[in-house]
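> Below are the sequence and a predicted model; questions follow.
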Amino acid sequence: MMAFLGTVFVGLIVGLIARAIKPGDDKMGWIMTIVLGILGSVVAGFVGRSMGWYQPGQPVGWIASVIGAIVLLVLYGMVRRRG
């Protein structure tokens with residue numbers, strides 16, 4: 001249960017930072033912000049570790065998570081504009 005709450009908290013922080021860095025108005029609620037942060041962390045973690053850029057637990061993982069969330073936020077905006 002604590003791992004789940006930790007994941008949600010990290011997702012919220014990463015999602016909020018990504019939304020603050022990326023310009024524009026991304027209309028999404030708290031739940032979508034948390035999902036954005038979690039997915040950004042998962043994607044960035046997978047890519048970073050598979051490319052050998054960093055290992056789990058290194059501080060650079062936070063930066064990669066935020067970058068991953070920003071990329072997903074840009075993709076979300078592109079898909080949303082089309083529909």
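Everything's here; your move.
> quick one: low-confidence parts of the chain?
Within the chain, the segments meeting pLDDT under 70 span 83.
> Look up which helix or strand the residue lying closest to A64 once chain neighbours are set aside falls in, please.
Computed as CB to CB, 6 or more residues apart in numbering, the closest residue to A64 that is not its neighbour in sequence is A44, at 3.9 Å. Backbone N, C-alpha and C define where each C-beta goes, glycine included. Secondary structure assigned from DSSP states H and E places A44 in helix 30-50.
> on that earlier part again, touching, the residue nearest to A64 and W62? I think so.
No. Checked against CB atoms under 8 Å, the pair A44 and W62 is beyond contact range at 9.5 Å.
> picking up where we left off before, what is the neighbour count of the residue nearest to A64?
As a burial measure, A44 scores 26 neighbours (other CB atoms under 10 Å).
> quick one: contacts of the lengthiest helix in the chain?
If you go by DSSP state H, the chain has its longest helix at helix 60-82. With CB atoms under 8 Å, 6 or more residues apart in numbering as the test, helix 60-82 has contacts from 10, 14-15, 17-19, 21-22, 24, 26, 28, 36-37, 39-45, 47-48, 53-54.
> Okay, buried residues for that helix please.
61, 64-73, 76 (16 or more other CB atoms under 10 Å).
> that older thread, so what's the residue nearest to A64 up against?
61, 64-65, 67-69.
> The same query, at a cut-off of 7 Å, please.
Residues counted as contacts of A44 (CB atoms under 7 Å, 6 or more residues apart in numbering) are 64-65, 67-68.
> Spatially, which two of these are the most separated?
S65 and I67 (7.3 Å; CB to CB).
> how close does G52 get to I34?
29 Å (CB to CB, to the nearest Å).
> quick one, which of the two is more surrounded?
More crowded of G52 and I34, by other CB under 10 Å: I34, with 21 against 7.
> these two touch, right, the more buried one and L12?
Yes. With contact defined as CB atoms under 7 Å, I34 counts as touching L12 (4.9 Å).
> Would you mind giving the secondary structure of I17?
Secondary structure state of I17, per DSSP: H, G, I helix; E, B strand; the rest coil, is helix.
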